[in-house]
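Colleague: next one to model:
(one chain, ligands or ions: 2)
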Amino acid sequence: MKIGIIGPSQSGKTTIFKVLLQSADILGDIGMFKFMDYRIEKLSDIFSSKKKVYPETAFLDIASGAGFAAKEYSKLHDVDLFICVANAFFNEDPKKGLEGYMMDIILSDLEAIQNRITKIEKERMKMKTDTESEMKLLKKCQDSLENSKLLRNIGLTKDELKLFSGFSFISLRPIIVVLNLEEGAKEDKIKLAEEYCSSIGVNCIRFFGKTEFEILELNPQERDQFSKDMGSGYNFRENMSRLICKELNLLTFFTAGDKDTTGWHLESGLSAIEAAGKIHSDIKRGFIRAEIVNYQDFVKCEGNMQKVREAGLLKIEGKEYIVKDGDMLNIRFNV
Ligand SMILES: Nc1nc2c(ncn2[C@@H]2O[C@H](COP(=O)(O)OP(=O)(O)OP(=O)(O)O)[C@@H](O)[C@H]2O)c(=O)[nH]1
Ligand SMILES: [Mg+2]
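Modeller: Ligands and ions are numbered 1, 2, ... in the order given. All right, here's what the predicted structure looks like:
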């Protein structure tokens, strides 16, 4: 999985990249993003784990030129989700900046669609595969893009998406907008930008670039104090982690013990055997059963397994069990 930061020039892309990745993990314009999750902190406390392991993904800081030049387009083809940063500091109008940038995205997809249509029209005779259904789909997408609709939001079916598997349209992938603001930013302008995002079906999150960057430079104790002063729940990295999971349809399950507490990502709807495979192929191969308690229930029982058992909240499940977000898995296996 790969995430890419895009957006207008000088909007704060590199700033947010550094904040999300916490400088240490950065190598040039690529780094690993750790998905923050308070549940990992809590579980590792309860289990006195020696190590905490967060789910991770590659993160790219994609420098912007004007629009999407062909060479940039090729850098984007394997990115699964885009974070688009809009400048809302210095009295900028974030809505205007966003509209311009979304237009660039739409135009670049439109160009790819038109190229394909032209190619099919020219070479229809030579092409072995049925081009009729593809052509119909291309025209439908062309229409939507011309009406400023992102391809992600036009309800393409699984079969239609399959026809597009050889392409890498940007607007077909999830985009999260980050409004990069400053204390004292004009609320009405920000609201307008947020309304625009919701009108095009894109999630949007506020980010105080400069403040976050300053926090980054504090020592860990000062950072903790600052977070407390800002009120609980204030944690940009964690909010962003949650939003990315939601967009990519991922849930988090845990394994916890004295050695480590680990958070794992799994696509929603998958079963215990797939979860086992994430941990280790041997565990998948030798799967016998899974003992499962959900994080919520575990905490309700004060992190005491005895109480969990007495309350009947420890489930014994087989391979087919559909894993839920927050499930703690202990898989019995034999190889
Ligand atoms: N005042 C203010 N300045 C900011 C904020 N965020 C970023 N900046 C400044 O804006 C400038 C651009 O920030 P970058 O993070 O480098 O922006 P960028 O989008 O990566 O820029 P390019 O890669 O050149 O397109 C830098 O001088 C930052 O210090 C903010 O929230 N407030
Ligand atoms: Mg930059």
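
Colleague: list the buried ones in stretch 305-314?
Modeller: By neighbour count on 16 or more other C-beta atoms under 10 Å, the buried set for stretch 305-314 is Val308, Leu313, Leu314. Where you see a C-beta, it was placed from the backbone N, CA and C, and this is true even at glycine.

Colleague: can you pull the alpha-carbon coordinates of that stretch into CSV?
Modeller: This file holds the C-alpha atoms of stretch 305-314, laid out as CSV (Å, rounded to 0.1, in the frame of the first residue of the first chain):
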residue,chain,number,x,y,z
MET,A,305,-8.9,-12.1,31.0
GLN,A,306,-10.5,-13.9,33.9
LYS,A,307,-13.3,-11.3,34.0
VAL,A,308,-13.6,-11.5,30.2
ARG,A,309,-14.2,-15.3,30.4
GLU,A,310,-16.7,-15.0,33.3
ALA,A,311,-18.7,-12.4,31.3
GLY,A,312,-18.8,-14.8,28.4
LEU,A,313,-17.0,-12.3,26.1
LEU,A,314,-14.2,-14.6,25.0
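
Colleague: contacts for it?
Modeller: By C-beta atoms under 8 Å, 6 or more residues apart in numbering, the surrounding residues in contact with stretch 305-314 are Glu291, Ile292, Val293, Asn294, Asp297, Phe298, Lys300, Cys301.

Colleague: of those residues, closest to Lys52?
Modeller: Among the contacts of stretch 305-314, Phe298 lies closest to Lys52 (C-beta to C-beta), at 16.6 Å.

Colleague: OK, contacts around the closest one?
Modeller: Leu43, Val308, Leu313, Met328.

Colleague: 10 Å instead?
Modeller: By C-beta atoms under 10 Å, 6 or more residues apart in numbering, the contact list for Phe298 reads 39, 42-43, 46, 254, 256, 304-305, 307-308, 313-314, 326-328.

Colleague: any idea of the mean pLDDT in whatever helix or strand it lives in?
Modeller: According to DSSP states H and E, Phe298 maps onto helix 295-300. Per-residue pLDDT over helix 295-300 has a mean of 96.

Colleague: show me what counts as buried in that helix.
Modeller: Per 16+ other C-beta under 10 Å, helix 295-300 contains these buried residues: Tyr295, Asp297, Phe298.

Colleague: ok, stretch 9-24 next?
Modeller: Ser11, Gly12, Lys13, Thr14, Thr15, Ile16, Phe17, Lys18, Val19, Leu20, Leu21.

Colleague: what number of residues lie near Ile106?
Modeller: 21 (other C-beta atoms under 10 Å).

Colleague: now Leu181. Nearest residue, chain neighbours left out?
Modeller: Spatial nearest neighbour of Leu181, chain neighbours left out: Ala88 (4.2 Å); criterion: C-beta to C-beta, 6 or more residues apart in numbering.

Colleague: touching, that neighbour and Pro8? I think so.
Modeller: No: judged on C-beta atoms under 10 Å, Ala88 makes no contact with Pro8 at a distance of 11.2 Å.
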